[in-house]
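**Q** 3D model of this:
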Amino acid sequence: MPISLHISEMSYAERLFRTAEEIRAVIEEIDDEEVDAVILPPDVDELTDEENIDDGEMIINDGGQSLPTDATGTFEIHTASDANEKIVAQCARNNSAKCSKKRKRSESCWVKNTPVYNRTPVSSEGKKVEQLKNKYGSFTPTQMFDLFFDNSFLSKIVEFSIKYAQSKNNHNFALTVSDLRKFMGILLLSGYHTLPQTKHYWSKDADKGVPIVRESMSRNRFEEIKKYLHVSDNSNLDKNDKFAKLRPYFEELNRKFLQFGVFSQKLSVDEQMVPYFGRHSAKMFIRGKPVRFGFKLWCISSSTGYVYQFDAYGGASQKMNDNLSLGERVVLNLAKIVENPRDHLLFFDNFFTSHSLLVMLSERGFFATGTLRENRTANCPLQTSKQMAKGKKGACDYRFDSKHEIFVVRWHDNSIVTVATNTGTLEPFVNTKRYNRKERKHEIVLQPNTIHQYNQGMGGVDLHDNAIANYRIRIRGKKWWWPLFTNGLDSAMVNAWKVQRLATGDQMNQIDFKSEVVMSLLRREEADVLQKSSDRCNLGHLSSKSLPVAVVKDRVDHIVIRDERDARRRCRVCGSQTIFKCKKCQIHLHTNCFSTFHA
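**A** As a prediction, this is how the structure comes out:
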């Protein structure tokens with residue numbers, strides 16, 4: 001039976017055979033004497049009759065006949081019916097092994113109509129936020145931060161650090177979780193209490209020293225921990241991963257960031273720059289950015305600035321096996337954290353947006369909106385930017401791809417803006433205020449609803465980055481990965497602050513939140529030290545003024561116990577005698593006064 005393979009009419013990725021030699025190889029593998037292949041000439045006016053095949057590119061077979069390396073037209077293969085299945089199977093193997101990297105562009109059907117969608121998004125944000133309030137509504141800032149850096153996470157860092165110190169022939173180095181918490185507290189303190197040099201924090205001068213730092217840890221101890229601090233096992237590093245030294249740290253942080261689920265409906269994808277001025281193959285330079293030199297992180301966050309996931313970018317030298325562009329790959333990888341795409345709206349800028357990306361997101365069930373560059377519109381017949389600029393401010397032009405349900409609108413703002421979406425609409429228009437330079441006054445301009453929704457949903461990564469920049473850790477290190485380590489610490493602090501405001505409804509500002517966490521990290525073990533001092537002095541109780549407020553209010557390890565000596569002391573709340581006390585604070589309290597004192 002004949003099998004016709006029209007090579008000239010197929011796209012490069014769909015060809016079963018690419019050369020005549022491939023067909024010859026397939027035929028030789030089939031044990032059938034009645035197999036034959038005929039190369040038919042192309043149809044008239046279908047292809048050019050010019051021969052572009054070089055004689056040096058001909059293949060000589062065993063019989064002395066020559067075959068071209070490639071040919072256009074139709075290959076007609078004659079074989080028996082039982083051998084046909086073998087040829088088809090071999091065709092599939094050749095197609096999967098040698099498919100082209102070029103993708104076939106999907107055809108679009110652009111019409112100037114208002115968009116009509118078969119799918120509509122839903123929102124479960126209110127339900128998820130209510131669950132957060134019920135579970136974490138009573139958490140203090142210290143408890144919220146401990147959800148990101150818990151004992152198990154810190155124990156891993158302690159293990160890696162000790163192992164690294166031993167590899168450097170320092171077998172006397174010891175590190176505990178308590179010491180690591182104090183070390184982190186000093187780092188976080190440097191974000192809002194900045195001094196010219198690190199050693200000034202331990203200075204005894206009244207104008208430079210910070211007593212709480214000097215009391216919590218010595219300078220030599222701090223420098224020793226900083227020297228041997230490690231977040232990975234150097235004996236088990238992936239040589240192909242530029243961030244192998246930080247990969248366990250990144251993965252654990254991403255797991256912690258996702259522990260509450262994706263509770264926001266509006267998600268934004270954007271880049272974050274971590275300042276770095278040293279030498280590294282992954283360091284980036286972006287002209288016009290607030291941070292021009294540094295490491296680039298791809299992030300997906302809520303519209304309010306809570307980062308759910310991030311990924312470090314190693315540069316164009318990273319080998320990728322897919323056929324996606326960089327922007328498409330980033331969006332699709334970060335969107336994997338979403339379990340139910342119908343509950344969320346994705347927003348991204350023109351670096352990521354393309355018509356093909358929106359088609360792929362629609363196939364996966366996502367709703368997305370993004371600004372669009374003029375050369376990525378898939379031949380959408382909109383007015384050009386030059387034509388739009390000649391009109392009045394507020395004018396717009398739009399088209400709808402009825403085949404893929406993608407809506408593109410171009411709007412005359414202070415500059416020409418193009419937005420593509422698979423869920424947005426043109427109406428209702430929103431009144432927005434713009435300044436008219438000619439008349440020197442503000443005027444009301446009509447803004448399409450899609451662009452208004454984009455402005456509301458985009459910018460979450462920038463909010464998160466701005467919160468980090470306000471109180472970024474100032475203590476610098478000599479290791480290339482130090483800025484990424486401290487950035488992860490700052491990012492966890494911002495996320496803890498964001499979710500605490502959402503869960504408790506307490507609009508505590510960032511500096512107060514961070515200060516309370518730092519005080520707890522530096523003095524968390526102080527109660528134990530005071531207890532030992534109390535036992536030696538046989539006092540039986542401590543003054544409430546000797547304990548910092550952060551320790552009393554942190555709601556960590558506060559337990560009602562009976563006094564070991566059955567000594568009766570006055571309750572610090574009601575003043576009457578009691579034999580019960582707080583195990584951590586070592587302050588006598590009645591059981592019914594316990595919650596009042598620690599509230």
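**Q** so the closest residue in space to Trp110 that isn't next to it in sequence: helix, strand or coil?
**A** Distances taken as Cβ to Cβ, 6 or more residues apart in numbering place Arg399 nearest to Trp110, at 4.5 Å, with adjacent residues excluded. Bear in mind the C-beta positions are built from the backbone N, C-alpha and C, glycine included. Of the three states, Arg399 takes strand under DSSP: H, G, I helix; E, B strand; the rest coil.
**Q** what's around Arg399, how many residues?
**A** 21 (other Cβ atoms under 10 Å).
**Q** thought it was touching Cys109?
**A** No: counting by Cβ atoms under 8 Å, Arg399 stays clear of Cys109, with 9.9 Å between them.
**Q** so after the top helix by length along the chain, what's the next helix or strand?
**A** In the chain, ranked by residue count with DSSP state H as the criterion, the top helix is helix 482-504. Elements were assigned by DSSP states H and E; along the chain past helix 482-504, the next helix or strand is helix 510-523.
**Q** about what we covered before: now the longest helix of the chain and helix 510-523, what's the angle there?
**A** 110 degrees (axes from the mean of the first three to the mean of the last three Cα atoms, to 10 degrees).
**Q** buried ones in helix 482-504?
**A** 482-504 (16 or more other Cβ atoms under 10 Å).
**Q** equivalent analysis for stretch 334-348, please.
**A** So stretch 334-348, judged by 16+ other Cβ under 10 Å, has buried residues 334-335, 337-338, 341, 343-348.
**Q** so how far is it from its chain's centroid?
**A** 12 Å (Cα atoms, centre = their mean, to the nearest Å).
**Q** with stretch 589-599 instead?
**A** The answer for stretch 589-599 is 42 Å, by Cα atoms, centre = their mean.
**Q** in that stretch, which residues are buried?
**A** Neighbour counts using 16+ other Cβ under 10 Å place 589-590, 593-594, 597-598 of stretch 589-599 among the buried residues.
**Q** for the residue lying closest to Cys593 once chain neighbours are set aside, pull up the helix or strand it's in.
**A** Nearest non-adjacent residue to Cys593, counting by Cβ to Cβ, 6+ apart: Val573, 3.8 Å away. If you go by DSSP H and E, Val573 is not part of any helix or strand.
**Q** surely Val573 and Phe597 touch.
**A** Yes: taking Cβ under 8 Å as the definition, Val573 is a contact partner of Phe597 at 5.3 Å.
**Q** need the residues touching each of these two.
**A** Common contact partners of Val573 and Phe597 (Cβ atoms under 8 Å, 6 or more residues apart in numbering): Leu589.
**Q** strands of the stretch 301-450 of the chain, residue ranges please.
**A** All strands of the stretch 301-450 of the chain, identified by DSSP state E, counting those that start in this stretch, fall at 307-312, 345-348, 367-371, 396-401, 406-412, 416-421, 430-436, 441-447.
**Q** check the offset of the fourth one from the chain's centre.
**A** Computed by Cα atoms, centre = their mean, the chain-centroid distance of strand 396-401 equals 31 Å.
**Q** cool, the fifth one as well?
**A** In this view, strand 406-412 has its centroid 28 Å away from the chain centroid, taken as Cα atoms, centre = their mean.
**Q** quick one: contacts for Ser216?
**A** Ser216 makes contact with 182, 185-186, 522-523, according to Cβ under 8 Å, 6+ apart.
**Q** with Asn422 instead?
**A** So Asn422 contacts 117, 358, 361-362, 366-369, 404-407 (Cβ under 8 Å, 6+ apart).
**Q** please redo it, this time with the cut-off set to 6 Å
**A** Going by Cβ atoms under 6 Å, 6 or more residues apart in numbering, Asn422 touches 358, 362, 368, 405-406.
**Q** same question, Lys128
**A** Taking Cβ under 6 Å, 6+ apart, we find Lys128 in contact with Phe263.
**Q** poorly predicted segments of the stretch 251-400 of the chain, please.
**A** 317-319, 321 (pLDDT under 70).
**Q** all helices of it, in order?
**A** 326-334, 355-363, 385-389 (DSSP state H, counting those that start in this stretch).
**Q** okay if I get the ones you listed as JSON lines plus distance to Gly424?
**A** As requested, the helices of the stretch 251-400 of the chain are exported to JSON lines (distance: least, Cβ to Cβ, whole Å):
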{"stretch": "helix 326-334", "distance to Gly424": "17"}
{"stretch": "helix 355-363", "distance to Gly424": "11"}
{"stretch": "helix 385-389", "distance to Gly424": "19"}
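**Q** who does the residue nearest to Pro381 when sequence neighbours are not counted form a beta bridge with?
**A** Nearest non-adjacent residue to Pro381, counting by Cβ to Cβ, 6+ apart: Trp110, 5.7 Å away. Judged by DSSP bridges, the bridge partners of Trp110 are Asp401.
**Q** low pLDDT regions in the stretch 51-200 of the chain?
**A** The low-confidence ranges in the stretch 51-200 of the chain, as defined by pLDDT under 70, are 51-106.
**Q** could you show me where the strands are in it, in order?
**A** Counting by DSSP E, counting those that start in this stretch, the strands of the stretch 51-200 of the chain are 59-60, 66-67, 74-78, 110-111.
**Q** wait, what's in contact with Met217?
**A** Going by Cβ under 6 Å, 6+ apart, Met217 touches Lys182.
**Q** so the residue nearest to Ser167 when sequence neighbours are not counted, which of the three states?
**A** In space, not counting the residues next to it along the chain, Ser167 is nearest to Asn234; the distance is 6.7 Å by Cβ to Cβ, 6+ apart. In three-state terms, and counting by three-state DSSP, Asn234 is coil.
**Q** burial count for Asn234?
**A** Asn234: 12 surrounding residues under other Cβ under 10 Å.
**Q** same check, this time on Lys239
**A** 6.
**Q** mind pulling up the pLDDT for Glu215?
**A** The model reports Glu215 with a pLDDT of 91.
**Q** helix, strand, or coil at it?
**A** Counting by three-state DSSP, the backbone at Glu215 sits in helix.
**Q** related to what we said a few turns ago, thought Cys380 was touching the residue nearest to Trp110, still the case?
**A** Yes: between Arg399 and Cys380 there is a contact at 5.1 Å, judged by Cβ atoms under 6 Å.
**Q** quickly list what's touching both of the two.
**A** Shared contacts of Arg399 and Cys380, counting by Cβ under 6 Å, 6+ apart, come down to 110, 408.
**Q** would you map the helices across the stretch 51-200 of the chain?
**A** Counting by DSSP H, counting those that start in this stretch, the helices of the stretch 51-200 of the chain are 81-97, 125-136, 141-146, 151-167, 177-192.
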